[in-house]
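1. Can you look at this prediction? I've put the sequence above it.
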Amino acid sequence: MSSIKAGATILVTGADGFIGSHLTEALVRQGYKVRAFVYYNSFNSWGWLDHCTEDVKGNFEVFAGDIRDPHGVKEAMKGCEAVLHLAALIAIPFSYHSPDSYVDTNIKGTLNVLQAARELGVKRVIHTSTSEVYGTAQFVPINESHPLKGQSPYSATKIAADQLAYSFYASFGLPVITIRPFNTYGPRQSARAVIPTIITQIANGVHEITLGAVNPTRDFTYVGDTVDGFIAALDAKTGFGEVINLGSNFEISIKDTAQLISETMGVSIKITSDRDRVRPEKSEVERLWADTTKAKELISWEPSHAGREGFKRGLTETIRWFTKSENLSTYKSGIYNL
């Protein structure tokens, strides 16, 4: 199957979010015609796309809608050759008390995208998964054959969405590739995530850092690498019906991550645990570490921020962005953000 080249019209759902805004910018710079699907709201806010760089501003189309509505999704997709589906609810604590919204957005929303793509004859659908679907690692590094375990309502809905995506490939021949990023971080990330939580507290002069569990390990992937993985999947001639991990091939604990950030920012910190930030015992994913062999084989992707040194470079870039006053002021570092 032919790849999707520059000049093609691409729909990006979740374009107003963290990864989606970076992806939109990268696609525009590479010459794609981007239709950015943003969440409709009365403020006419385009999320992070309101803050996109000058070389990108005005060079993409915006469609304001709701991923839960099949009519709007289909309307947004008309005339597009490919869809990059990133729209989702992702905060795990919020999924504990509002699971219905996760079913509606992550499962029904994905179904809307798949059904519209099938009916309109879209040439490629890139669906977004998450490393959370693996649950606590049963072996490392985790390859795509690792069992799936829904340890939160969030991850359970993402497992269902992933299976829906595969079912449309198997049942109808829809050209779907599922990208499974491991813990993407970088500029614009929500304060509900651990790296922005640490950076914003330190940047606001707090040296006693409040966190949840500090012993779990993660494979943090810099947002630029994640974006490159999506574009590689768009350009690839293989990988249909497959799930592909994106990770940095480096495992580090939350505690050691906090220490590395504090060293990079030149301060000493003390870590305290807030019980409100700790997941229920059986819901905590204790260990994640990606095997990215398949990404290299199928879409010719490798992380540029790999290993400990790559992680340090990514953190430096992230810290530089967050500590700019105009960026830091948009975050409420003293409030726990679900």
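-> The structure has been received and is ready for your questions. Numbers count the residues shown, from 1 in each chain.
2. For the protein, which segments count as helices?
-> 18-29, 70-77, 92-97, 99-102, 109-120, 153-172, 194-203, 223-235, 254-265, 293-299, 307-322, 325-328 (DSSP state H).
3. pLDDT weak spots in the stretch 151-300 of the chain?
-> Within the stretch 151-300 of the chain, no stretch has pLDDT under 70.
4. what's the closest of the helices of the chain to S248?
-> S248 lies closest to helix 307-322 among the helices of the chain, at 6.1 Å (CB to CB). Using the backbone N, CA and C atoms, a C-beta is placed for each residue, glycine as well.
5. So which bits of the closest one are buried?
-> By neighbour count on 16 or more other CB atoms under 10 Å, the buried set for helix 307-322 is G310, F311, G314, L315, E317, T318, I319, F322.
6. Which of the residues you listed sits closest to D219?
-> F311 (9.5 Å).
7. Now do the same contact list for the closest residue to the closest one other than its chain neighbours.
-> What sits nearest to F311 in space, not counting adjacent residues and going by CB to CB, 6 or more residues apart in numbering, is F250, at 5.7 Å. F250 sits next to D219, F220, W289, A306, G307, R308, G310, F311 when contact means CB atoms under 8 Å, 6 or more residues apart in numbering.
8. returning to what we had before: what two of the buried residues of helix 307-322 are the furthest from one another?
-> The widest separation within the buried residues of helix 307-322, taken as CB to CB, falls between G310 and F322 and amounts to 18.7 Å.
9. before we move on, the earlier item: Serialize the contacts of F250 to TSV and add fields for distance to L27.
-> Shown next, in TSV, are the contacts of F250 (distance: CB to CB, whole Å):
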residue	distance to L27
D219	25
F220	23
W289	29
A306	23
G307	28
R308	30
G310	24
F311	26
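10. what number of residues lie near the residue lying closest to E61 once chain neighbours are set aside?
-> Using CB to CB, 6+ apart and skipping the chain neighbours, the partner closest in space to E61 is R35 (4.6 Å). Burial of R35 is recorded as 22 neighbouring residues (other CB atoms under 10 Å).
11. Show me the beta-bridge partners of R35.
-> Under DSSP bridges, the beta-bridge partners of R35 are L11, E61.
12. Let me see the contact set for it.
-> T9, I10, L11, V12, F60, E61, V62, F63, A76, C80.
13. Between these, which sits nearest L246?
-> Distances from L246 to the contacts of R35, taken by CB to CB, are shortest for V12, at 16.7 Å.
14. Let me see the contact set for the closest one.
-> Going by CB under 8 Å, 6+ apart, V12 touches G20, L23, T24, L27, V34, R35, A36, F37, V83, L84, L86.
15. What of K149?
-> Taking CB under 8 Å, 6+ apart, one finds V133, Y134, G135, T136, S155 in contact with K149.
16. Pull out the buried residues from these.
-> By neighbour count, with 16+ other CB under 10 Å, the contacts of K149 hold V133, Y134, G135, S155 as buried.
17. Closest one of the residues you listed to S167?
-> Taking those together and measuring to S167 by CB to CB, the closest member is V133, at 15.6 Å.
18. From Y32, how far off is that closest one?
-> Using CB to CB, to the nearest Å, V133 is found at 28 Å from Y32.
19. coming back round to it: can you lay out the contacts of K149 as a markdown table showing distance to D50?
-> Converted to a markdown table, the contacts of K149 look like this (distance: CB to CB, whole Å):
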| residue | distance to D50 |
| --- | --- |
| V133 | 31 |
| Y134 | 34 |
| G135 | 36 |
| T136 | 38 |
| S155 | 30 |
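20. of these, closest to K332?
-> Closest to K332, out of all of the contacts of K149 and judged by CB to CB, is S155, at 26.0 Å.
21. And that closest one, how far from F18?
-> For S155 relative to F18 (CB to CB), the value is 18 Å.
22. hmm, back to that, biggest separation within the contacts of F250, which pair?
-> Applying CB to CB across these, the maximum distance is between W289 and G310, 14.4 Å.
23. burial of D274, as a residue count?
-> For D274, using other CB under 10 Å, the count is 10.
24. pLDDT (mean, whole number) over stretch 41-58?
-> Mean per-residue pLDDT for stretch 41-58: 95.
25. From the rest of the structure, what touches it?
-> For stretch 41-58, using CB under 8 Å, 6+ apart, the contacting residues are 15-18, 20-21, 24-25, 28-29, 36, 38-39, 60, 62, 64, 188.
26. make it 10 Å
-> Residues from elsewhere that reach stretch 41-58 (CB atoms under 10 Å, 6 or more residues apart in numbering): 12, 14-22, 24-29, 34, 36, 38-39, 59-60, 62, 64, 66, 187-189, 326-327, 330.
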